[in-house]
Each structure stands twice: as C-alpha cells, then as structure tokens.
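**Student:** okay, predicted coordinates and the sequence, questions at the end:
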Amino acid sequence: MTMNITTYSYTNRGGRPENEDSICLESRSGRTVLTLADGLGGHGGGEVASALAVNTVCQACLDCPSVDETALVQSIQAANQKILDGQTASGLEEMRTTLVALYLEGEHSLWAHVGDSRLYRLSQGTITQLTRDHSVTYRKYLGGEITRMDVYHDDDRSSLLRVLGRPSCSPETGSAPLQPGEAFLLCSDGFWEYVYQEEILADWLKSETPEQWAQLMLLRHIRRAPKGNDNFSLITVFVEEHL
C-alpha cells in the first residue's frame, strides 16, 4: 500500500529575541523525513546546534541505502558529533539542542528523540505520546511522584537529562506499522506546555488538513502562552492511502 503524506510546519520566536528552534522536512523517492530541534537557551549557539541537528539527520536519512532504527540512531550520533566539533568555535562552546525525528517509508514509521521535544501519534480517535521527555520532571512523573498534568508546570521541566552537544548521545527510538488515517505531531516544549493532549486530539478530529489542525492548536497556544514565552514550533502530518 502506498501512502500519501501531507505536512504543515510552523515556528515562532515567541517572546524571545531570537528563535533557537529549527525544523526540516524532506521527501524523496517515497521517503519522508521530519525533524524538529529546540536549541537550549542560555547555552550560546542554540540556533546553530538545532540547525545542525535537523539538517544532518534529514540528509543522512535520505542518503542512506536503507533506514532502520539503527541507521536513524547513527544519523543522530553524526549530528551530535558535528555539534561537538562546532563547539571549538568562540561563543559556541556550550551549544546544545534537543531533537525529535520521524521517518516514514512505505507502510513503516520510525522515530527517535533526545531531550523533551515530543512526538504524538493520533489514530482511531486516540492520541499516544510516542516519546518520553528526557527531563527530571518526566522522570518524576514516571516514578509516580507527580501527575501527568503536573509535568506542564513542574519547576524541573527544563532540567534535561539528555541533549545533543554532550559526548554521550543516547537517542530513544521506536517503530510501528504506518496506517492510513493516522496523523503525527512533532513539537517543541514551547508548544506542548500550553496545548494539552486532549486538545490536540479534539482539534485533529475536526480538521481536514494538517494546516487546519495546526491553526486550531495555535489559536489555543496564543490565548494561553504568557508574555515573553519561549520559542515554539510544530510539524503536523496526515497519512492517507494513495488513490
């Protein structure tokens, strides 16, 4: 079965002087690669690190003869090495970034992430968070110390346990069959902190295109995000059977 993949992407600097988020979407020969990265504010060169991450992973996946979870991890490790090499430049010594990547080909989906940028899958009227934030807050949630809603407001949510730009790079990966009628959302924490899972699902259910879905969610974000809010980015994806 051949799938028709349609996408929409949006990024905004929010209330910050610069946008340190980066996104990259590429399709070639039946392959679609979607990447989103959130450069860490306060570390200098966050926008450089995030751009290196998304562009390196996209290109590596398109150039690779066959992409599986191992190849996806290797592409992220290659991106991490480029960031480490770039840290020799003045002002970029501490540059870091998160990354979430989704790879679609034929009837297969693969994903990987480092940090707290998220991937959601929506299918048959339900939403599933496919990534687990690599943060102190999310570890507290998994340990039962706080509730899922507490994750959005906990003081430790910006304390990340894994990022690109450190010598050790350990992405988490996953895979699943790709089904027509599914949708995906990739987003940075500047977005998901203000738009909750139930709202993401509700807006998807009443949307006919990835752009319409994104616009409905962005209206929620605009109403809820405080002045001076973080950069925020998203990629919406619809999967339909190719007719």
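**Tutor:** That came through, no problem.

**Student:** helices of the protein, residue ranges please.
**Tutor:** For the chain, the helices defined by DSSP state H cover 46-63, 69-86, 136-142, 189-192, 197-205, 210-224.

**Student:** pick the most deeply packed of these.
**Tutor:** helix 189-192 (a mean of 27; mean count of other CB atoms under 10 Å). In short, each C-beta sits where N, CA and C put it, glycine included.

**Student:** okay, that helix in PDB with CA atoms only?
**Tutor:** The C-alpha trace of helix 189-192 is given here as PDB (Å, rounded to 0.1, in the frame of the first residue of the first chain):
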ATOM      1  CA  ASP A 189       8.300  22.300  24.600                       C
ATOM      2  CA  GLY A 190       7.400  25.900  23.900                       C
ATOM      3  CA  PHE A 191       4.300  24.500  22.200                       C
ATOM      4  CA  TRP A 192       3.300  21.400  24.200                       C
END
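
**Student:** before we move on, the earlier item: what would the helices of the chain look like in JSON lines with mean pLDDT?
**Tutor:** Below are these laid out as JSON lines (pLDDT from 0 to 100):
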{"stretch": "helix 46-63", "mean pLDDT": "96"}
{"stretch": "helix 69-86", "mean pLDDT": "96"}
{"stretch": "helix 136-142", "mean pLDDT": "93"}
{"stretch": "helix 189-192", "mean pLDDT": "96"}
{"stretch": "helix 197-205", "mean pLDDT": "97"}
{"stretch": "helix 210-224", "mean pLDDT": "97"}
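
**Student:** wait, which of these is closest to residue 122?
**Tutor:** With CB to CB, the closest approach to residue 122 among the helices of the chain belongs to helix 197-205: 5.0 Å.

**Student:** now that closest one against helix 210-224, angle please.
**Tutor:** Between helix 197-205 and helix 210-224, the angle comes out at 140 degrees (axes from the mean of the first three to the mean of the last three CA atoms, to 10 degrees).
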